[in-house]
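Colleague: Coordinates for the following, if possible.
(chains A and B)
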There are 2 protein chains.
Amino acid sequence: MYLAKVYISLKPTVNDPQGLTIKGALYNLGFTSVEDVRAGKYIEIRIEENDLAEAQQQVNEMCHKLLANPVIENYRFELEEV
Amino acid sequence: MYLAKVYISLKPTVNDPQGLTIKGALYNLGFTSVEDVRAGKYIEIRIEENDLAEAQQQVNEMCHKLLANPVIENYRFELEEV
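Modeller: Below you'll find the predicted structure:
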């Protein structure tokens, strides 16, 4: 069994209103040294699969087909055996 | 300047409807080996700060005050100099 940790973030050129809102809120709370905030998604997936290469290929396909929007988002993932 | 990568996820005992929905969608796409999906947040924060310990303390405070809900969520973060 593998645990995939998937990190999805907006591409640097894409406008991020959620990140800007968080930045404003942090500023209002007194964190004035915050320069930039980008918001993304973090997804943990448990896969019943014993082969690392097969798990890797499946997670990659999941990201491409459903989890991330490749037009505006980047993704990366790590796999660990559990 | 430091870049903080903050990972926020629901505590294991908390119900996660978003994760269940993703799991169902993956199943329908043919990924039948998916056992469990947990959805969370991934936030990148750039801080104008030269001292690592000070940056660490600030990010911890940000998580506690705004980014995470400590009642139902866990968080962890990494700092890298940029």
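Colleague: List the residues that contact the closest residue to residue A:50 other than its chain neighbours.
Modeller: Spatial nearest neighbour of residue A:50, excluding adjacent residues (CB to CB, 6 or more residues apart in numbering or on different chains): residue A:1 at 7.8 Å. Any C-beta I mention is one placed from the backbone N, CA and C, and that applies to glycine too. By CB atoms under 8 Å, 6 or more residues apart in numbering or on different chains, the contact set of residue A:1 is A:46, A:47, A:48, A:49, A:50, A:81, A:82, B:35.
Colleague: what about the fifth one, helix or strand, and which?
Modeller: What that stands for is residue A:50. Taking DSSP states H and E as the definition, residue A:50 sits outside all helices and strands.
Colleague: what about stretch A:9-18, distance to the chain center?
Modeller: 12 Å (CA atoms, centre = their mean, to the nearest Å).
Colleague: Compute the first-to-last residue distance for it.
Modeller: 12 Å (CA to CA, to the nearest Å).
Colleague: ok, is it in contact with chain B or not?
Modeller: Yes - Stretch A:9-18 is in contact with chain B by CB under 8 Å from any CB of the partner chain, via residue A:9.
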